[in-house]
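Undergrad: what would the 3D arrangement of this be:
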Amino acid sequence: MAFSAANLTRLAGGSGVALWHYTSADAIATVNTAGYFNDAANMLNVRDVIIVVDSNTPTTNLVNVLSNDGSTVDVSDGTAIAETDGD
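TA: The predicted model follows:
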């Protein structure tokens, strides 16, 4: 699949850093590929954090924007959020 701006929601922000939520059926390996978020280059800033929810697997990862030159956006590989319940 491809990036969908309709699935990217800004949750909070201040001091030039924002927190975003993004839901997609794309795996994190696809979402963290350089250029995936290019259509949001005008919205995302370096150091912004994106909560990425894979609605297909399901998994949740945190990524941050590593670079954005105004047309190409690159995000980190992602840190998985454990979705276990040990009780």
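Undergrad: can you show me the helices along this protein?
TA: Secondary structure of the chain (DSSP state H): helices located at 28-31.
Undergrad: scan it for its longest strand.
TA: The single longest strand within the chain, with elements called by DSSP state E, is strand 59-68.
Undergrad: ok, the residue most central in space within the chain - contacts?
TA: The residue lying closest to the centre of the chain (Cα atoms, centre = their mean) is residue 50, at 3.8 Å. Contacts for residue 50 (Cβ atoms under 8 Å, 6 or more residues apart in numbering) come out as 8, 19-22, 44, 62-65, 75. Quick note: C-beta positions are derived from backbone N, CA and C, even for glycine.
Undergrad: can you put these in CSV and add neighbour count?
TA: As requested, those are exported to CSV (neighbours: other Cβ atoms under 10 Å):
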residue, neighbour count
8, 19
19, 15
20, 21
21, 14
22, 23
44, 20
62, 14
63, 23
64, 15
65, 22
75, 25
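Undergrad: of all those, which comes closest to residue 82?
TA: residue 62 (11.7 Å; Cβ to Cβ).
Undergrad: is that closest one bridged to anything, and to what?
TA: residue 51, residue 79 (DSSP bridges).
Undergrad: then residue 75?
TA: Under the criterion used here (DSSP bridges), residue 75 is bridged to residue 65.
Undergrad: isn't it up against residue 31?
TA: Yes. Using Cβ atoms under 8 Å, residue 75 is in contact with residue 31, at 7.5 Å.
Undergrad: residues shared between the contacts of the two?
TA: Listed as contacting both residue 75 and residue 31 by Cβ under 8 Å, 6+ apart are residue 63.
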